[in-house]
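[1] Only the shape, not the letters, is given here:
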């Protein structure tokens, strides 16, 4: 009569331990593979946006501005550069819905601004998302669409956070390729104006929104997240491809279609705005009449992503590169401006 030998308790525990170790090794590897795929897809999104930018330049002889406003206060701007890119992004349905001669908040555009455009979302952060505007409309006592579809990318405004309708007040050496224009001057800069070279000038980059990873920082205490009075809770920075408005210092809770590498950028204290800053700087219109942000009344959010150790960036020549968050601040500022005259290290 034969006897069948079974596992002893010790042998069973050893097998379980080996399986646990294999799983522990496998899960991070799978996560790395997923993140690598998401990072590549994010780069593809930025390449599509680069093609759209150059399509706009070919048709209009300039890049679009980042923001269009006829208002002195930028809390009520009319249009964004992302809106102006819709005709070049194969978004024909959204393009037909949107009335370009009316501001984004006009009731006629309510359906269009709620459209979630896939190319505007970084897959490492999210695949969709919107900003609910009903409560904001009540608080500000103004009419707004019910919601605005979100966006995970931002135009580079350079190394200066000034928010002024007269864009020429920002010193040339710290201006980014995308700024603010009035409707009567709604064209942005031309490629020939990019004196630092299109391959050395940032056009746009990651600006992950709607995530608890990037909570809005308090303006009075930069190390702490701001607490929303109506909820008693912090809030993650977010922005929309269509909503052109910028919040004021009494409501410093949101991002915008802009991002910067520094808030001042000039010698002395450039007030650098590093990648992936946590808590995250909100974009705030502070009514700095001088327009150079020397007093620091205005602020613009920095670039940020859910990628590991850095962000993807689109350059003005259409190329896409990943920059690490350990980049030297001076180099980062130099890349963000288009006519600063700096010499960039070719090893980037």
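    Sure, I can see it. This one's a predicted model, so the numbers in the text were calculated from it and none came from an experiment. Residues are numbered from 1 along each chain as shown.
[2] what's the helix or strand for the nearest residue to residue 169 once chain neighbours are set aside?
    Taking CB to CB, 6 or more residues apart in numbering, and ignoring the residues beside it in sequence, residue 169 has residue 291 as its nearest neighbour in space, at 2.6 Å. For the C-beta atoms, the positions are set from N, CA and C on the backbone; glycine is no exception. Assigning secondary structure by DSSP states H and E places residue 291 outside every helix and strand.
[3] and residue 291, backbone torsions?
    In terms of degrees, to the nearest 10, the main-chain angles of residue 291 are phi 90, psi 10.
[4] I'd assumed residue 174 was in contact with it.
    No - with the criterion set as CB atoms under 8 Å, residue 291 and residue 174 do not qualify as a contacting pair; they are 11.7 Å apart.
[5] which residues touch residue 110?
    145, 146 (CB atoms under 8 Å, 6 or more residues apart in numbering).
[6] Assumed it was part of a helix.
    Yes - Residue 110: assigned to a helix according to DSSP: H, G, I helix; E, B strand; the rest coil.
[7] any chance you could map the strands in the stretch 101-250 of the chain?
    130-132, 147-149, 153-156, 180-181, 202-206, 247-248 (DSSP state E, counting those that start in this stretch).
[8] Now these in TSV, please, with extra columns for mean neighbour count and mean pLDDT.
    TSV is the format used below for those (neighbours: other CB atoms under 10 Å; pLDDT from 0 to 100):
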stretch	mean neighbour count	mean pLDDT
strand 130-132	16	96
strand 147-149	22	97
strand 153-156	29	98
strand 180-181	22	96
strand 202-206	28	98
strand 247-248	18	91
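[9] which ones are touching residue 178?
    Contact partners of residue 178, counting by CB under 8 Å, 6+ apart, are 63-66, 81, 155-157, 188-189, 203-204, 258.
[10] at 10 Å what do you get?
    53, 63-67, 80-81, 154-158, 188-189, 202-204, 257-259, 316, 338 (CB atoms under 10 Å, 6 or more residues apart in numbering).
[11] Could you list the buried residues of stretch 173-185?
    Counting neighbours by 16 or more other CB atoms under 10 Å, one finds that the buried residues in stretch 173-185 are 173, 174, 175, 176, 177, 178, 179, 180, 181.
[12] actually stretch 105-121, sorry about that
    Residues of stretch 105-121 classed as buried by neighbour count (16+ other CB under 10 Å): 105, 109, 110, 112, 113, 114, 115, 116, 117, 119, 120, 121.
[13] Please apply the same query to stretch 295-309.
    Of all the residues in stretch 295-309, those buried under the rule 16+ other CB under 10 Å are 297, 298, 299, 300, 301, 302, 303, 304, 305, 306, 307.
[14] now the helices for the chain?
    Here the chain has its helices, by DSSP state H, at 9-60, 81-85, 92-97, 110-113, 134-140, 329-336.
[15] State the mean pLDDT of the shortest one.
    Which is helix 110-113. When the per-residue pLDDT values of helix 110-113 are averaged, the result is 97.
[16] any chance of the buried residues of stretch 295-309 in JSON lines, with pLDDT and distance to residue 275 too?
    Compiled in JSON lines, the buried residues of stretch 295-309 are given as follows (pLDDT from 0 to 100; distance: CB to CB, whole Å):
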{"residue": "297", "pLDDT": "95", "distance to residue 275": "24"}
{"residue": "298", "pLDDT": "96", "distance to residue 275": "20"}
{"residue": "299", "pLDDT": "97", "distance to residue 275": "16"}
{"residue": "300", "pLDDT": "98", "distance to residue 275": "14"}
{"residue": "301", "pLDDT": "98", "distance to residue 275": "11"}
{"residue": "302", "pLDDT": "98", "distance to residue 275": "6"}
{"residue": "303", "pLDDT": "98", "distance to residue 275": "5"}
{"residue": "304", "pLDDT": "98", "distance to residue 275": "7"}
{"residue": "305", "pLDDT": "98", "distance to residue 275": "8"}
{"residue": "306", "pLDDT": "96", "distance to residue 275": "12"}
{"residue": "307", "pLDDT": "96", "distance to residue 275": "10"}
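[17] how about the residues you listed, which pair is most distant?
    Distance extremes for the buried residues of stretch 295-309: the farthest pair is 297 and 307 at 31.9 Å, using CB to CB.
[18] contacting residues for residue 117?
    With contacts defined as CB under 10 Å, 6+ apart, the neighbours of residue 117 are 82, 85, 86, 89, 91, 94, 128, 149, 150, 151, 241, 242.
[19] so can I have JSON lines of those residues showing distance to residue 9?
    JSON lines is the format used below for those (distance: CB to CB, whole Å):
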{"residue": "82", "distance to residue 9": "62"}
{"residue": "85", "distance to residue 9": "65"}
{"residue": "86", "distance to residue 9": "66"}
{"residue": "89", "distance to residue 9": "62"}
{"residue": "91", "distance to residue 9": "63"}
{"residue": "94", "distance to residue 9": "63"}
{"residue": "128", "distance to residue 9": "50"}
{"residue": "149", "distance to residue 9": "57"}
{"residue": "150", "distance to residue 9": "54"}
{"residue": "151", "distance to residue 9": "57"}
{"residue": "241", "distance to residue 9": "60"}
{"residue": "242", "distance to residue 9": "63"}
